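pasting the sequence and the predicted model now:
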Amino acid sequence: MSFVDLPEEIIIIIIKHLDMMSLNNLYTACDRVRDIISMYGIIKTCNMSLNIMATVQTLKLDFFKNISKQLQELNMSGIVDLNKNLLLPAMSRLKNLNVLNVSYTNINVLDIIDIYELCPTIKNISVNFVFGKSVQIRLLKKQLLQCQDVFKNFECVHFVGNLTNLIYSQLGPFILQKARLKTLKYSITECEMTPYENEECEDMINFDYFAVYLLYSRNSNVYYGFMQEMYLFNMLDFSKYEVIIIVRPNLQLFAVYASVLFTDFLNDNFHVRTETLTDFSISLSGNVCVMMWNKSSTTFDDKFFTQLLNKLKQLFPCNFTTGKMPLASKNDWYYTTPKEPTVPQQYDIYDTGFKKKRLALSNLVLNYDEEFADKNELQLSLQFDGQMKSAVTLSVNSTYLRKLTYLSLNGTVRYSTEFFNILFRCCENLVTLVVEAPSLCSCLSSISRSLPLNRNIKNLRLVDRRIDFKTLFSSMSQCKTLENVNICDMSSDTFDLSDPLTMFKKCDNLYCLYVYGPVSTTNRTKKMQILKKAKQKCQKLHLNVNVFINTQMAYDPYIDVFNLNPIKPI
């Protein structure tokens, strides 16, 4: 029986499990599928973020026009060619839209006024907290009052912006002054200290749940100040809220503060030492998550704590040491610092008539089969501390390798010659790989040789020195499943960027290439031209390409997939 001959109810089930690109292809190729989609209105959610549909041109497809009336959720986060003028024609067709995510795009807060006029069903909005291209502008009170009148209709708001305008300014509370929000989220992705000038407002902001995320990627030295000195927290009455604060500079170092209500819950479920919080008197640095629940509108029952546990699991990867017993299966993400087993000292061997010999250290096999015996899927971060004398290797017989969906390798260690060959051959379900090579031991050649052996990997981040981009791009072009690539050249001087055209053509699902390296403004422009020219030649409008200085690591959705820090919007 062919696909088109299947019963309608089976086709509907299949349609609900397909991504947007597959749906568009089916819609274009199959009359019956097109009729079913049109007749039953079964597509309620459209995710254009982090895939090859991530272009404003998707809005012009017959497929999108057909499903517009039934859509309830539309995610366009991170679409680089999106702006208000291109979005508005599509908004008038979205008659039932409830959720709109236009964060990390060129859409700003003032644009929401026009968007809401065409689509007044929106209740949940995510948008960059900017008001135009210029930073130093005085916002007109008339504009802010218009924003008030629009935002009072929303139930959930997520602002993405800089530290000054969201934390040290009255601007956010002024715009939300008339709103009664179920959920409010702030994502702080920049530390610029240039505020908009705005009107003063009453100290008022109404919400059931408020989360603030300070996302400064890998820079653990960023200091934000004391919470009591920040306007946002100074205006809030701590006694009205139950609070959890997680300060996490990196994967291994973190501190947790919480109201008395949560201390036992956190200790029991995540085995973390929690300091009792009675006010906003702590200082914040690195990556931070602040969560607040309004006592008067929140029921702290079993259902609440079950949902909270599922949320917090993402923020608390489980640290383990090799104990050879199955680890708790309730966790999804684990990390450890591998250690050499304690072995008897190796003595020099003397044979009569021969020079003394020393037994060579064998490679240390990283085998965690017993620890993860109860897991079906696994996310694992290995943090090497430079104390291992042996090189590390993998075994083709290790079953845990086939369970890995995410793997991060970081720190100082020697990898055996066969390490990456085994990794790419045996990690059959690996989706995301992060490798930060030791400064004295490059991994580039081994990875380039072995990468084509893997048939599933989608996201690859490689940090190394003296990267041979020509060889690496050639290797990646043979790995057609790649979607998101981060390459960081940590050399102290300039680097040569090769033409990625072949990779762009052969990797059909590629939607992002970020390159980091030691570049001046002039050199960055030249290297950007190489990427843009290749993108133009292969006519992939959705492809997000960029070149950054190698010390720059701003947070955005394209970086988020690599889990460089557990703190992220949830």
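Great, that's in hand.

residues contacting the closest residue to Leu181 other than its chain neighbours?
Nearest residue to Leu181 in three dimensions, chain neighbours excluded: Phe207, at 4.4 Å (CB to CB, 6 or more residues apart in numbering). Every C-beta, even on glycine, is put in place using the N, C-alpha and C of the backbone. By CB atoms under 8 Å, 6 or more residues apart in numbering, the residues touching Phe207 are 181-184, 292, 294.

how far away is Phe207 from Ser297?
9 Å (CB to CB, to the nearest Å).

the helices in the stretch 201-350 of the chain, which residues?
231-234, 260-270, 302-312 (DSSP state H, counting those that start in this stretch).

can I get the ones you listed in JSON lines with mean neighbour count?
As requested, the helices of the stretch 201-350 of the chain are exported to JSON lines (neighbours: other CB atoms under 10 Å):
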{"stretch": "helix 231-234", "mean neighbour count": "17"}
{"stretch": "helix 260-270", "mean neighbour count": "16"}
{"stretch": "helix 302-312", "mean neighbour count": "13"}
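
rank the ones you listed by pLDDT, which is bottom?
Note on the helices of the stretch 201-350 of the chain: lowest mean pLDDT is at helix 231-234, with a mean of 88.

CA atoms of that one as PDB?
C-alpha atoms of helix 231-234 as PDB (Å, rounded to 0.1, in the frame of the first residue of the first chain):
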ATOM      1  CA  TYR A 231      15.900  48.900  39.600                       C
ATOM      2  CA  LEU A 232      14.000  45.800  38.500                       C
ATOM      3  CA  PHE A 233      14.500  43.900  41.800                       C
ATOM      4  CA  ASN A 234      14.500  47.000  44.000                       C
END
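
what strands line up against the helix or strand where Thr189 lies, and which way round?
Under the criterion of DSSP states H and E, Thr189 resides in strand 181-190. Sheet pairing for strand 181-190, assigned by DSSP bridges, gives strand 156-162 (parallel), strand 207-214 (parallel).

got phi/psi on Gln422?
No Gln there; residue 422 is Ile. Here is the backbone geometry of Ile422 (degrees, to the nearest 10): phi -70, psi -40.

relative to Phe207, how far out is it?
Distance, Ile422 to Phe207, by CB to CB: 50 Å.

also Ile42?
For Ile42 relative to Phe207 (CB to CB), the value is 34 Å.

Lys313 now?
Distance from Lys313 to Phe207, counting by CB to CB: 24 Å.

over to Ser239?
The gap separating Ser239 from Phe207 is 16 Å, by CB to CB.

mean confidence score for the helix ranked longest in the chain?
If you go by DSSP state H, the chain has its longest helix at helix 521-537. Helix 521-537 shows a mean pLDDT of 90.

tell me the buried residues in that helix?
Buried residues in helix 521-537, counted by 16 or more other CB atoms under 10 Å: 524, 527-528, 530-531, 534-535.

again, but for stretch 445-462
446-448, 450-451, 453-454, 457-462.

between those residues, which is closest to Asn484?
Asn459 (4.5 Å; CB to CB).

for Asn75, see how far away the nearest residue to Val561 once chain neighbours are set aside is.
The shortest distance from Val561 to any non-neighbouring residue, by CB to CB, 6+ apart, is to Asn459 (5.1 Å). When CB to CB is the yardstick, Asn459 and Asn75 sit 18 Å from each other.

thinking Pro249 is in contact with Ala255, fair?
No: with contact defined as CB atoms under 8 Å, Pro249 does not count as touching Ala255 (9.1 Å).

which one's more surrounded, the two?
A count of neighbours by other CB atoms under 10 Å puts Pro249 above the other of Pro249 and Ala255, at 20 against 17.

pLDDT wise, what is Ile349 at?
Predicted confidence (pLDDT) for Ile349: 46.

should've said Ser220
You'll see Ser220 listed with a pLDDT of 64.

ok, Phe354 next?
51.

any regions of the protein where pLDDT drops low?
1, 133-137, 191-203, 217-220, 322-326, 328-329, 343-361, 550-553 (pLDDT under 70).

give the contact list for the residue nearest to Leu497 when sequence neighbours are not counted.
With CB to CB, 6+ apart as the criterion, Leu497 has its nearest non-adjacent residue at 4.6 Å, and that residue is Lys527. By CB under 8 Å, 6+ apart, the residues touching Lys527 are 497, 515, 517, 519, 547.

from Asp496, how far off is Lys527?
9 Å.

can you check Lys178 too?
Counting by CB to CB, the gap from Lys178 to Asp496 is 55 Å.

quick one: which of these two has more around it?
The neighbour count for Lys178 versus Asp496, taken as other CB under 10 Å, is higher for Lys178 (16 against 12).

quick one: contacts for that one?
So Lys178 contacts 148-149, 151-152 (CB under 8 Å, 6+ apart).

please report the distance of Leu181 from Phe233.
17 Å.

before we move on, what about Val431?
38 Å.

quick one, strands of the stretch 101-250 of the chain?
Shown for the stretch 101-250 of the chain, the strands assigned by DSSP state E, counting those that start in this stretch span residues 124-128, 156-162, 181-190, 207-214, 223-226, 241-248.

Phe174: which of the ones you listed is closest?
strand 156-162 (12.6 Å).

tilt between that closest one and strand 124-128?
Angle, strand 156-162 to strand 124-128, by axes from the mean of the first three to the mean of the last three CA atoms, to 10 degrees: 10 degrees.

begin at 460 from here
All set: I'll call the first residue 460, so the last point we hit is now strand 615-621.

neighbouring contacts of strand 615-621?
558, 560, 562-563, 568, 582-589, 610, 625, 631, 635, 638, 640-651, 653, 1028.

could I get the full set of helices for the stretch 860-1009 of the chain?
878-885, 903-909, 928-935, 960-965, 980-996.

could I get the contacts of Lys986 as JSON lines with neighbour count?
Listed next are these as JSON lines, based on neighbours: other CB under 10 Å:
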{"residue": "Leu956", "neighbour count": "22"}
{"residue": "Val974", "neighbour count": "25"}
{"residue": "Gly976", "neighbour count": "23"}
{"residue": "Val978", "neighbour count": "21"}
{"residue": "Val1006", "neighbour count": "20"}
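
using JSON lines, please lay out those together with distance to Gln838.
Formatted as JSON lines, the contacts of Lys986 follow (distance: CB to CB, whole Å):
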{"residue": "Leu956", "distance to Gln838": "31"}
{"residue": "Val974", "distance to Gln838": "26"}
{"residue": "Gly976", "distance to Gln838": "28"}
{"residue": "Val978", "distance to Gln838": "32"}
{"residue": "Val1006", "distance to Gln838": "29"}
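
from these, which is closest to Ile474?
Nearest to Ile474 among the contacts of Lys986, with distances taken as CB to CB, is Val974, at 37.4 Å.

quick check: the closest one touching Ile946?
Yes: applying CB under 8 Å, one finds Val974 in contact with Ile946, separated by 5.2 Å.

mutual contacts of the two, please.
By CB under 8 Å, 6+ apart, no residue touches both Val974 and Ile946.

follow-up on the earlier one: can you tell which of the helices of the stretch 860-1009 of the chain is closest to Ser742?
Using CB to CB, these put helix 980-996 closest to Ser742, at 34.5 Å.

could you give the angle of the closest one to helix 928-935?
Using the same axes, to 10 degrees: helix 980-996 against helix 928-935 is 30 degrees.

quick revisit: what separation is there between the residue nearest to Leu640 and Glu614?
If you go by CB to CB, the gap between Phe666 and Glu614 works out to 10 Å.

spit out the residues that contact these two alike.
Listed as contacting both Phe666 and Glu614 by CB under 8 Å, 6+ apart are 640-642.

selecting buried members of the residues you listed in ChimeraX, what would you type?
Selecting only the buried entries of the shared contacts of Phe666 and Glu614 in ChimeraX, with 16+ other CB under 10 Å as the criterion:
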select :640
